[in-house]
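In: quick one, structure for this:
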Amino acid sequence: MAHISVMHRKPAAEVGEEQAVDLCSLVERARSGDGAAFTALVRRYQEMALGYALTLLHDFHLAQDVTQEALVVAYHGLRSLDDDARFPAWLRGIVRHLCGRVLRKRTLDLLPLEYAYEVATGMPGPEQHLEIKEGFHRVLAAIRALPESQRDVAMLFYIKDYSQREIGAFLELPVTTVNNRLHAARKTLRERLAMVSKRVGRVVGIHGPVIDAQFAPEEVPLILSAVALPAGAGGSGRTLQVVQRVGHGLVRCLARGELEGIAIAPGAEVVATGDPMFALLDAQTLTQVIPILSAPNGDSRNTAKPQMLETGIKVIDLLCPFARGGTAGFFGPAGCGCSVVSAEVLRNTARDERGVSIIAFPNGDFDSRWWYDTPGDVPQPSGAGQMICLPIKDPIDVLSLEVLAATELLDARICLSFHLAKRGIWPAVDPLLSVSRLMDPAIIGREHYDVAMGVRQLLRRQRDLLEGAPDGRTRHLDADDLTLLARASKVQRFFSQPFAVAEPFTGRPGRVVPLAETIRACKALLAGAYDHLPEDAFTWRGTIDEVVA
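Out: Model prediction:
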């Protein structure tokens, strides 16, 4: 059977023409193997099934997968349908069953990655994109808060644009019942959406240029959006940039410029405007705000001897270890998985009472829309871990000395590589550019230090050999160099690792690898113990035992 798309809807004229065909006739023809008839059924009911799945899963991508699978199940199970007129309700039952199976498998307390919302006209700019996304999320949140009987009809009517008659057939309800439920839902939605049209918060803390503001949990502003300061005393028109969503409605914002002469104090009113704000920070501001943002409640940075915090991510733990209660910075261009790596770190370290503060540094060429929803997608840890976003001007390959000096306040700097991402090596952490102040045998131990240095030396030699090869060809190299290149490539691929936060989208169960296992594996790799294994065996594995198996 041909692939069934659930992404695009047919034009209204074509849908109307197909709906003129008798439903029972379509089902009977599809049962006899008529592919065109089943395609007509798909076009008629796929969006309705998708909308229903969305009400149950609250995740657009998972809902797409379930809808695709439900249509395949329906295609192969048509012979079991006794009453052809009940095809819509039968399909709904399949969707509900598959959604239940997905929900039973989800053992992680994750929020979905951003919902996909398609616009029929051209691509919007950042302002329109944020406005549309915020509005869509508000409507979805309001619909999800409705009672179940109203939620199903509201999702299909308002989000998927189905008629009351179509909804009634799908849900096996009289049209009058659908109309009554929509009327009740419409009244509730109007009240709730009117309440959030103006999102007002209160200042609860001031730490130099960093201002903490408390909003209702359902009204928390998006990352890198603007919050307006109160009018009066010279503060009118001034805005704050949201750089962190702490959780439970609390956000941390940066004030642009001096605050002298502006009457702002704890308890003052602030308003989330919803406008995007991607103001770049200079080195002086970074130096000032990093110690404040990375310390809980604005406390000063802990200067005691650092202790290593295991993340379960092989390349990070071995080559650029994090400090418990410390701060790690992530640098990299769009498309390198910065938000995914950050989310996995916070998930894996959530139970540590000190955790780690992660500061992401998107540069001026970065599409800020990538970051609007990131904090909402990152699991809020139960410990002290936190996620912060600070836009900077310089891309990673030409970081200015001033910015590097400012980020010396960090315990670790993680540089993400677009080159590694293109090769499918995830996480795309550059092992030669990423550094940590914990890389000291007195802190991490002699064995860890020696293995890490051996891996760096191997990868550095690989880089030098490949850069010196004409047009990338290595035929002129001797046998020892070729063995070294193969060994280095296996080490790189061994650093790839499935993440739990990405499992719903990759289909690969996440792997958390203890540091001792990583050291053992890399020590053996350096010694050539696995030279006989193919490179592909090292990709997307956890421990070295999985590679061998």
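
In: pull up the gap between residue 179 and residue 190, please.
Out: Going from residue 179 to residue 190 by C-beta to C-beta, to the nearest Å gives 17 Å. (Each C-beta comes from the backbone N, C-alpha and C, glycine too.)

In: so between the two, which is more surrounded?
Out: Each of residue 179 and residue 190 has its neighbours counted (other C-beta atoms under 10 Å); residue 179 has more, 14 against 11.

In: give the contact list for the more buried one.
Out: Residue 179 makes contacts with residue 164, as judged by C-beta atoms under 8 Å, 6 or more residues apart in numbering.

In: which helix or strand contains it?
Out: Taking DSSP states H and E as the criterion, residue 179 maps to helix 175-195.

In: give the buried residues for the helix or strand following that helix.
Out: For helix 175-195, the succeeding helix or strand toward the C-terminus, using DSSP H and E, is strand 199-207. By neighbour count on 16 or more other C-beta atoms under 10 Å, the buried set for strand 199-207 is 199, 201, 203, 206-207.

In: strand 199-207 pairs with which strands, and in what direction?
Out: If you go by DSSP bridges, strand 199-207 pairs up with strand 210-214 (antiparallel), strand 269-276 (antiparallel).

In: chain center to the shortest one, what's the gap?
Out: When you say that, I think you mean strand 210-214. 24 Å (C-alpha atoms, centre = their mean, to the nearest Å).

In: what do you get for the longest one?
Out: Remark: strand 269-276 is offset 23 Å from the chain centroid, using C-alpha atoms, centre = their mean.

In: ok, now stretch 526-540?
Out: 31 Å.

In: contacts for it next, please.
Out: 424-425, 451, 454-455, 458, 483, 486-487, 489-491, 493-494, 496-498, 508, 524, 544, 547-548.

In: quick one: buried ones out of the residues you listed?
Out: Buried among those (16+ other C-beta under 10 Å): 425, 451, 454-455, 458, 487, 489-491, 493-494, 496-498, 544, 547.

In: nearest to residue 357 among those?
Out: The nearest member of the buried ones among the contacts of stretch 526-540 to residue 357, counting by C-beta to C-beta, is residue 497 at 22.4 Å.

In: ok, the closest one - contacts?
Out: 313-315, 426-427, 511, 513, 540-542.

In: now do residue 509
Out: By C-beta under 8 Å, 6+ apart, residue 509 lies in contact with 498, 500, 503.

In: 7 Å - rerun?
Out: Going by C-beta atoms under 7 Å, 6 or more residues apart in numbering, residue 509 touches 498, 503.

In: and it, what pLDDT?
Out: pLDDT for residue 509: 90.

In: equivalent analysis for the one 10 residues further on, please.
Out: pLDDT for residue 519: 98.

In: make sure it is actually in contact with residue 452.
Out: No: if you go by C-beta atoms under 7 Å, residue 519 and residue 452 don't touch, sitting 8.5 Å apart.

In: state the pair within the buried ones among the contacts of stretch 526-540 that is farthest apart.
Out: Most distant of the buried ones among the contacts of stretch 526-540, by C-beta to C-beta, are 454 and 498, 25.4 Å apart.

In: could I get the full set of helices for the stretch 51-200 of the chain?
Out: Applying DSSP state H, counting those that start in this stretch to the stretch 51-200 of the chain gives helices spanning 60-76, 87-105, 126-144, 148-154, 164-171, 175-195.

In: and residue 387, backbone torsions?
Out: Main-chain torsions, residue 387, degrees, to the nearest 10: phi -120, psi 130.

In: do the same with residue 431
Out: Dihedral angles for residue 431 - degrees, to the nearest 10 - are phi -70, psi -20.

In: what is the nearest of the buried ones among the contacts of stretch 526-540 to residue 24?
Out: Using C-beta to C-beta, the buried ones among the contacts of stretch 526-540 come closest to residue 24 at residue 498, 46.2 Å.

In: check the secondary structure at the nearest residue to that closest one once chain neighbours are set aside for me.
Out: Leaving aside its sequence neighbours, residue 498 sits nearest to residue 508 (C-beta to C-beta, 6 or more residues apart in numbering; 3.8 Å). Here residue 508 is coil, with the state taken from DSSP: H, G, I helix; E, B strand; the rest coil.

In: so residue 415, which state does it fall into?
Out: Classified using three-state DSSP, residue 415 is strand.

In: now it: closest residue in space that isn't a chain neighbour?
Out: The nearest residue in space to residue 415 (C-beta to C-beta, 6+ apart) is residue 433, at 3.9 Å.

In: strands of the stretch 201-350 of the chain, residue ranges please.
Out: Here the stretch 201-350 of the chain has its strands, by DSSP state E, counting those that start in this stretch, at 210-214, 225-228, 239-247, 250-255, 269-276, 308-309, 322-323, 327-331.

In: mean pLDDT lowest where, among these?
Out: strand 269-276 - the lowest mean pLDDT of the strands of the stretch 201-350 of the chain, at a mean of 83.

In: quick one on the thing from earlier: and of the strands paired with strand 199-207, who's closest to residue 36?
Out: Per C-beta to C-beta, nearest to residue 36 of these: strand 269-276, 45.7 Å.

In: circling back to that earlier point, let me have the strands of the stretch 201-350 of the chain in JSON lines, adding mean neighbour count and distance to residue 340 as columns.
Out: Output for these, formatted as JSON lines (neighbours: other C-beta atoms under 10 Å; distance: least, C-beta to C-beta, whole Å):
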{"stretch": "strand 210-214", "mean neighbour count": "21", "distance to residue 340": "26"}
{"stretch": "strand 225-228", "mean neighbour count": "22", "distance to residue 340": "22"}
{"stretch": "strand 239-247", "mean neighbour count": "22", "distance to residue 340": "17"}
{"stretch": "strand 250-255", "mean neighbour count": "23", "distance to residue 340": "22"}
{"stretch": "strand 269-276", "mean neighbour count": "19", "distance to residue 340": "22"}
{"stretch": "strand 308-309", "mean neighbour count": "22", "distance to residue 340": "19"}
{"stretch": "strand 322-323", "mean neighbour count": "26", "distance to residue 340": "17"}
{"stretch": "strand 327-331", "mean neighbour count": "25", "distance to residue 340": "11"}
